[in-house]
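> need the 3D shape of this:
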Amino acid sequence: MTRLFCAATGVVIALVAVLVAVPAHADDLATTDDFAITSEVPTVEELSAQIALLVATPAPDHVKAAQLEGGSRAVIVPKMVYRIGFFRAPRGSSVVTGPETHEPGRHTAVINASRQGSPTILVPAEWRYLDGRWKLASKSLCNGIKTLGLPIPCNFQ
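Numbering: from 1, shown residues only. Okay, the predicted model is just below:
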């Protein structure tokens, strides 16, 4: 009876491990093209969705890196902000608003990040058009690091 119980428990544990691993693997199947902003002039809705992807989701590193001018070197910033949970549900949020400026290859706007019980943080942000898509500029990540007081060196520019 003990052997049967141990065998059944082992099967259940293995099945749970497989079921838990599937969603993580499914996230890895996301391609960077699924989230690319390729329009000539990005909208605040597109930019807001990009910021949400970066700081409010557990998207894979390669997907986040494709949204950043600094690429994989800069992914540590949105990963840390996500892990801290400042600007994601249920206690926080972020949205991109104007004033906006646009010139070829460069777009600016303001990231409004809020969390429950704290004033809204305004981060001046810049996006660069690189490799056929709009990417959050490293300068903007450095602004965010400074504003939030994160213990990350801004050396990915």
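> every contact and neighbour count from this point should use C-alpha atoms.
Will do.
> quick one: residue 154 is in a strand?
No: if the criterion is DSSP: H, G, I helix; E, B strand; the rest coil, then residue 154 is coil and not within a strand.
> around it, how many other residues sit close by?
Under the neighbour criterion other C-alpha atoms under 10 Å, residue 154 is assigned a count of 15.
> report the secondary structure state of the nearest residue to residue 77 once chain neighbours are set aside.
Leaving aside its sequence neighbours, residue 77 sits nearest to residue 141 (C-alpha to C-alpha, 6 or more residues apart in numbering; 7.0 Å). What three-state DSSP gives for residue 141 is helix.
> pLDDT at the residue most central in space within the chain, what is it?
Compute the mean C-alpha point of the chain, and by C-alpha atoms, centre = their mean the closest residue is residue 54, 1.0 Å away. Looking at residue 54, its pLDDT reads 93.
> distance check, it against residue 77.
9 Å (C-alpha to C-alpha, to the nearest Å).
> show the average pLDDT along stretch 99-119.
Across stretch 99-119, the average pLDDT comes to 92.
> residues touching the residue nearest to the centre of the chain, list them.
64, 67, 78, 79, 82 (C-alpha atoms under 8 Å, 6 or more residues apart in numbering).
> ok, 10 Å please
Applying C-alpha atoms under 10 Å, 6 or more residues apart in numbering to residue 54 gives the contacts 48, 60-61, 63-65, 67-68, 75, 77-79, 81-82, 136.
> just to be sure, it is in a helix?
Yes: assessed by three-state DSSP, residue 54 belongs to a helix.
> how near is it to residue 102?
Residue 54 is 22 Å from residue 102, by C-alpha to C-alpha.
> go on, residue 92?
28 Å.
> those two: which is more packed in?
residue 92 (17 against 13).
> just give the nearest non-adjacent residue to the more buried one, would you?
Looking at residue 92 with C-alpha to C-alpha, 6+ apart, the closest residue is residue 115, at 3.9 Å.
> now the one you found: how far from residue 91?
The gap separating residue 115 from residue 91 is 6 Å, by C-alpha to C-alpha.
> would you mind listing the residues touching both of the two?
By C-alpha under 10 Å, 6+ apart, the residues touching both residue 115 and residue 91 are residue 85.
> which parts of the helix or strand hosting residue 62 are buried?
Per DSSP states H and E: residue 62 is located in helix 61-65. Within helix 61-65, the residues scored as buried using 16 or more other C-alpha atoms under 10 Å are 61, 63, 64, 65.
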